[in-house]
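1. just coords:
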């Protein structure tokens, strides 16, 4: 018997934005506000790589569809970038240009998941990944790693959640939201675990340029036969609004991802691809180096004011506020933040973390960020 028109249970079970109502309240307050909940940058893209720099006379077809795999010149630039950074042979057939890393991760899930299959998510995780898994009728399985002290403990935690329905493991490093950079020992252990259990290894490389302590280890360099990796121009070069990124993976897998991307978004915006190509071929490296220095400095100052270790990478801090919650719990703390013109992201957006908040220290100019951090410091008694 057909069901009445309704909605997919996998979607209705997903939560919407936890802080959208609070954000609306923040807009109504007078005085300087501190919206530290958004993972973005206050900096504009490199000169020569902005939309205002693109002209149809220089780029015929600027407003037409790009090839579904990606603009040929951008594909070549990506190949060179990945070869230089990862140190492995890379060909066009292993690349798909996507609508940001978000579109790339969606293509991965659409290509890999059958309904009911599970993806292990190292938690805390990027807040959209659980919803992307559910959107393709998969089951996200958080695997908390906060407080773990060794690769052995990490693998034990993964094994405890492994089932016959598990098909993939997702991680992002440098981590959003903690700022942690996963060590080589951890990455090697994760790659070996995925290989031994026959899992896909799905990695989020969007903060590759923002490592302040240690080194960034690319999973593809450890297990190229089973690794699918997402990159983004959004974080690397201040192009979040352009919605452009790419995925790298085995040729056979990429053929399946292209089927999903073609039917989901067809092709990434042509102008965004050209802007990204210009960044990779020109001033992007210098821009990212300047941004990294500024981000690291601001991150250290914010962490010091909050009395916590500085971030190892990325653009975030994950703060445990358990001792500062009243009977209203985290929602009450978020209300107090808004009353003080401060907005931060709630821990449950990143996994089973009901006592944490995330703040981004790059979404506004440094002086604004530091004043917002001062507000938070007062709220937690620092």
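-> Cool, got the structure. On a predicted model such as this, the values are computed, not experimentally measured, just so you know.

2. I figured residue 97 was touching residue 269, is that so?
-> No - under the criterion of CB atoms under 8 Å, residue 97 is not in contact with residue 269, lying 9.9 Å apart. Heads up, the C-betas are built off the backbone N, CA and C, glycines and all.

3. Settle it for me: which of the two has more neighbours?
-> residue 97 (29 against 19; other CB atoms under 10 Å).

4. The residue nearest to that one when sequence neighbours are not counted: what secondary structure?
-> Leaving aside its sequence neighbours, residue 97 sits nearest to residue 70 (CB to CB, 6 or more residues apart in numbering; 3.0 Å). Under DSSP: H, G, I helix; E, B strand; the rest coil, residue 70 falls in the coil class.

5. quick one: residue 70 from residue 171, how far?
-> Counting by CB to CB, to the nearest Å, the gap from residue 70 to residue 171 is 25 Å.

6. joint contacts of residue 97 and residue 269?
-> Common neighbours of residue 97 and residue 269 (criterion: CB atoms under 8 Å, 6 or more residues apart in numbering): 66, 244.

7. Which pLDDT value goes with residue 1?
-> pLDDT for residue 1: 58.

8. For the nearest residue to residue 148 once chain neighbours are set aside, which residues are in contact?
-> Closest residue to residue 148 apart from its sequence neighbours, by CB to CB, 6+ apart: residue 154 at 5.3 Å. With contacts defined as CB under 8 Å, 6+ apart, the neighbours of residue 154 are 145, 148, 186, 189, 190.

9. List the buried residues for the helix or strand hosting residue 154?
-> Applying DSSP states H and E as the criterion places residue 154 in helix 151-161. Within helix 151-161, the residues scored as buried using 16 or more other CB atoms under 10 Å are 151, 154, 155, 157, 158.

10. Can you report how many residues lie near the residue nearest to the first one when sequence neighbours are not counted?
-> Think residue 151. Among residues not flanking residue 151 along the chain, residue 189 sits closest, at 3.8 Å (CB to CB, 6+ apart). Per other CB under 10 Å, the neighbour tally for residue 189 reads 20.

11. After the helix or strand encompassing residue 189, which helix or strand is next?
-> According to DSSP H and E, residue 189 maps onto helix 184-197. For helix 184-197, the succeeding helix or strand toward the C-terminus, using DSSP H and E, is strand 200-204.

12. pLDDT-wise, which helix or strand of this structure ranks last?
-> Least confident helix or strand of the chain, by mean pLDDT, DSSP states H and E, is helix 20-27 with a mean of 70.

13. average pLDDT for the next helix or strand after that helix?
-> Once the chain leaves helix 20-27, the next helix or strand it forms, by DSSP H and E, is strand 34-35. Mean per-residue pLDDT for strand 34-35: 93.

14. ditto for stretch 183-191
-> Averaged across stretch 183-191, pLDDT comes to 98.

15. which residues are in contact with it?
-> With CB under 8 Å, 6+ apart as the test, stretch 183-191 has contacts from 151-152, 154-155, 158, 169, 171, 173, 182, 201, 214-215, 217, 219, 222-223, 227.

16. One more: stretch 253-262?
-> Outside stretch 253-262, the residues within contact range by CB under 8 Å, 6+ apart are 68-69, 93-96, 98, 103-104, 106-108, 110-112, 228, 247, 249.

17. Buried ones among these?
-> 68-69, 94-96, 98, 103-104, 106-108, 110-112, 228, 247, 249.

18. Excluding residues flanking it in the chain, which one is nearest residue 376?
-> residue 342 (6.2 Å).

19. what about that neighbour, distance to residue 16?
-> From residue 342 to residue 16 the distance is 21 Å (CB to CB).

20. of those two, who's got more company?
-> Neighbour count, other CB under 10 Å: between residue 342 and residue 16, residue 342 has more, with 25 against 7.

21. quick one, phi psi at that one?
-> Backbone torsions for residue 342, taken as degrees, to the nearest 10, come to phi -120, psi 140.

22. same deal with the one 4 residues further on?
-> Here is the backbone geometry of residue 346 (degrees, to the nearest 10): phi -80, psi 140.

23. Okay, and the beta partners of it?
-> Counting by DSSP bridges, residue 346 is bridged to residue 357.

24. count of residues packed around residue 251?
-> Count around residue 251 with other CB under 10 Å applied: 11.

25. Contact partners for it?
-> By CB under 8 Å, 6+ apart, the residues touching residue 251 are 91, 93, 94.

26. now those residues as a markdown table including distance to residue 242?
-> Formatted as a markdown table, those follow (distance: CB to CB, whole Å):
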| residue | distance to residue 242 |
| --- | --- |
| 91 | 25 |
| 93 | 25 |
| 94 | 23 |
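
27. with these in mind, which one is nearest to residue 6?
-> Taking CB to CB as the measure, residue 6 sits nearest to residue 94 out of those, at 40.2 Å.

28. isn't there a helix covering residue 367?
-> Yes - counting by three-state DSSP, residue 367 is part of a helix.
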